[in-house]
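Chemist: okay, here's the prediction I keep looking at, along with the sequence it came from:
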Amino acid sequence: MIKMFVKILLLSLLMSWGIPGVQGQEVILYGDDEYPPYSYVENGIQKGIYSDILRKLDEQLPGYQLTLKALPWKRGLRMLQRGQIAFLYPPYKRPKERPYMDYSLPILHEQLALFCRKDTLLTSDSHFPEDFKGLSVGESLGFSMGNKIYKARDLGLIMLSSAKGTLANLERLLSNNLDCYVNDRLSILYELNLLKERGVYNGNEIVETIPLSSEYGYLGVTKKGDNFPYLSDFLKTFNAEIKRFKDKGEIEKIVNSYMKNIKR
């Protein structure tokens, strides 16, 4: 009887300590609070394409229970760097800029593109950076838009400024405070569609010009994982399920469900 009690007690302790692989280990994944349609908060609930993928994935992860929470992007990066949180989604892979971060397998393909005011006369046939000289370009605060944009800024060819989120930048574009805005193509189209539905955008003032680069979104992982003993095992399990999801076309289904709601 005593031996049985000791075994039960030890098992209970193991479960409470969160040893990897134990059924029900909670894993908190923090996502950007203002990056629709990928990751955003609505009525206090974390939503978006990545959030839907992660919730679907949660059904298939043995031994883990995922909880999704939101953070302002720059705060999330700082907390990940300090080891205050274990995971943050969905960063692009920037090992030189963010040496404090490891990455999961790539989750989702994104396309960075430049959208500009129609009166700039820029089109899909324009060339970057030659045709964009002297223009003001917006970017989302805390996001890394890639070497092409930053090289053009450093050479003095464009003026780059930041605002929090896609909506704020599009509002600056519509009020003539920016000439162009760079971000993920789908994110921009999604917000423009919402602005049209609200009657504050006529659908003609902003044009899509050129793609800049292809990127992948990841689950970012802190390198200061001492407070998260399950981190390594969870990441291995997570990567295996992401690969399986891709092979089955599950991620594509989720993306397509958002795409069909965007009117051009």
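Modeler: Received, thanks. Numbers count the residues shown, from 1 in each chain.
Chemist: all helices for the stretch 151-264 of the chain, in order.
Modeler: Ranges of helices in the stretch 151-264 of the chain, per DSSP state H, counting those that start in this stretch, are 165-174, 185-197, 231-248, 250-259.
Chemist: C-alpha coordinates for the last one, CSV please?
Modeler: Below are the C-alpha coordinates for helix 250-259, written out as CSV (Å, rounded to 0.1, in the frame of the first residue of the first chain):
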residue,chain,number,x,y,z
GLU,A,250,-4.6,21.4,-44.1
ILE,A,251,-2.7,24.7,-44.0
GLU,A,252,-3.7,25.5,-47.6
LYS,A,253,-7.4,24.9,-46.7
ILE,A,254,-7.2,27.4,-43.8
VAL,A,255,-5.5,30.1,-46.0
ASN,A,256,-8.1,29.6,-48.8
SER,A,257,-10.9,30.1,-46.3
TYR,A,258,-9.6,33.6,-45.7
MET,A,259,-8.7,34.3,-49.3
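Chemist: what comes into contact with it?
Modeler: Helix 250-259 is contacted from outside by 37, 49, 52-53, 56, 107-108, 186, 190, 245, using Cβ atoms under 8 Å, 6 or more residues apart in numbering. All C-beta atoms are positioned from the backbone trio N, CA, C, and that covers glycine.
Chemist: what comes up buried for the helix or strand in which Ser51 is found?
Modeler: Counting by DSSP states H and E, the element that carries Ser51 is helix 49-58. By neighbour count on 16 or more other Cβ atoms under 10 Å, the buried set for helix 49-58 is 49-54, 57-58.
Chemist: got it, and stretch 159-173?
Modeler: Under the neighbour-count criterion of 16+ other Cβ under 10 Å, stretch 159-173 has 160, 163, 165-173 buried.
Chemist: okay, now the nearest residue in space to Ala86 that is not next to it in sequence: neighbour count?
Modeler: Distance criterion Cβ to Cβ, 6 or more residues apart in numbering; nearest residue to Ala86, sequence neighbours excluded, is Phe228 at 4.3 Å. By other Cβ atoms under 10 Å, 19 other residues sit near Phe228.
Chemist: measure Phe228 to Thr222 for me?
Modeler: Noted for Phe228: a distance of 8 Å to Thr222, by Cβ to Cβ, to the nearest Å.
Chemist: could you pull out the residues contacting both of those two?
Modeler: In contact with both Phe228 and Thr222: Ala86, using Cβ under 8 Å, 6+ apart.
Chemist: low-scoring stretches of the stretch 1-150 of the chain, by residue?
Modeler: Within the stretch 1-150 of the chain, the stretches with pLDDT under 70 are 1-23.
Chemist: okay, now Gln81: neighbour count?
Modeler: Residues lying near Gln81 (other Cβ under 10 Å) number 17.
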